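A.B. asks: Sequence first, then the predicted structure, then my questions.
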Amino acid sequence: MKTVDVCLSPDLIHLYDVSDKVVVVVDILRATSCMTAGLAYGVESITPYENLEQCEKMKENGYLIAGERNGQKVEGFDLGNSPFDYMNEKVRGKKVAVTTTNGTVAIEKSRRAIEVVIGSFLNISAVADHLKNQKQNVLILCAGWKGKVNLEDSLFAGALVNKIKDKFEFECDAPLLAHSTYLHMKDEMLSRVQNSSHAKRLNKLNVKKDIAYCLTEDEFEVVPTLKNGELVIG
């Protein structure tokens, strides 16, 4: 049987061989939620960059540039890191280059995988179906916060494990831990996440509506995947 594993932080990715796996990158608040919403709303492609300066230079090539550092929009960039920035007619049909504190770092560390999939609560069932319909082992990579584990990404990992567990064996205890945490908190997820460190960080920046929206399940049926360095609808 296929296996599923969970990496709770990009700083732990060296413990995993991703070359024979499908990696699902998740940054619920808010990078992968933005990527899902943007592609669902008609963005042509999203190119992730770990480096801010490399991302900024893509404006010269006709890209919209999106950027966030420490939860705040990068000055001079076209878009920030809110899914609502992407759900706008001005981005439809456009190519976007994006850099974020955690999400694009996690994508960069996943590039050796057989396939890189973007996961969020907004497309969780579509991602689950995609994983069940392919033959590879799966690693769910939580972007966390600057190398530290965070609650919302871990809860997503547990929720995704819950949806695919009948088709996958647990590779180690991390998926068991994430799954158990999700089952314990799923009925009060918003209140739990609102008490998390990153939600508190965003609230200080007056970012509130994003939190509830990013916990909404199955808004979209898209499965963004990384192809030739760009995220597109798979």
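C.D. replies: Now that the structure is in, tell me what you want to look at. Numbers count the residues shown, from 1 in each chain.
A.B. asks: what residue of this structure is the furthest out?
C.D. replies: Glu60 (26.6 Å; C-alpha atoms, centre = their mean).
A.B. asks: Near Ala212, how many other residues are there?
C.D. replies: Using other C-beta atoms under 10 Å, Ala212 has 11 neighbouring residues. C-beta: built from backbone N, CA, C; applies to glycine.
A.B. asks: wait, what's in contact with it?
C.D. replies: By C-beta atoms under 8 Å, 6 or more residues apart in numbering, Ala212 lies in contact with Leu190.
A.B. asks: can you give me the helices for the protein?
C.D. replies: 31-40, 52-57, 83-86, 103-108, 124-132, 151-164, 173-185, 189-194, 197-204, 209-214 (DSSP state H).
A.B. asks: Okay, buried residues for the second one please.
C.D. replies: Burial within helix 52-57, assessed by neighbour count using 16 or more other C-beta atoms under 10 Å, is assigned to 52, 55-56.
A.B. asks: Not counting it itself, show me its contacts.
C.D. replies: Residues from elsewhere that reach helix 52-57 (C-beta under 8 Å, 6+ apart): 49, 65-67, 69, 74, 76-77, 97-99.
A.B. asks: next one: stretch 199-207
C.D. replies: Applying C-beta under 8 Å, 6+ apart, the contact partners of stretch 199-207 are 29, 70-72, 82, 152, 193-194, 208, 210-211.
A.B. asks: Let's see the least confident helix or strand in the chain by mean pLDDT as PDB, backbone CA atoms only.
C.D. replies: Here the helix or strand of the chain ranked lowest by mean pLDDT, DSSP states H and E is helix 197-204, holding a mean of 81. Taking C-alpha atoms only, helix 197-204 is exported to PDB below (Å, rounded to 0.1, in the frame of the first residue of the first chain):
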ATOM      1  CA  SER A 197       0.700  32.300  17.100                       C
ATOM      2  CA  HIS A 198       0.400  33.300  13.400                       C
ATOM      3  CA  ALA A 199      -3.300  34.200  13.700                       C
ATOM      4  CA  LYS A 200      -2.400  36.500  16.600                       C
ATOM      5  CA  ARG A 201       0.400  38.000  14.400                       C
ATOM      6  CA  LEU A 202      -2.000  38.600  11.600                       C
ATOM      7  CA  ASN A 203      -4.600  40.200  13.900                       C
ATOM      8  CA  LYS A 204      -2.000  42.700  15.000                       C
END
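A.B. asks: For that helix, buried residues please.
C.D. replies: 198-199, 202.
A.B. asks: In PyMOL, select just the buried ones from the contacts of helix 52-57.
C.D. replies: With 16+ other C-beta under 10 Å as the burial test, the buried ones among those are selected in PyMOL as follows:
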select buried, resi 49+65+66+67+74+77+97+98+99
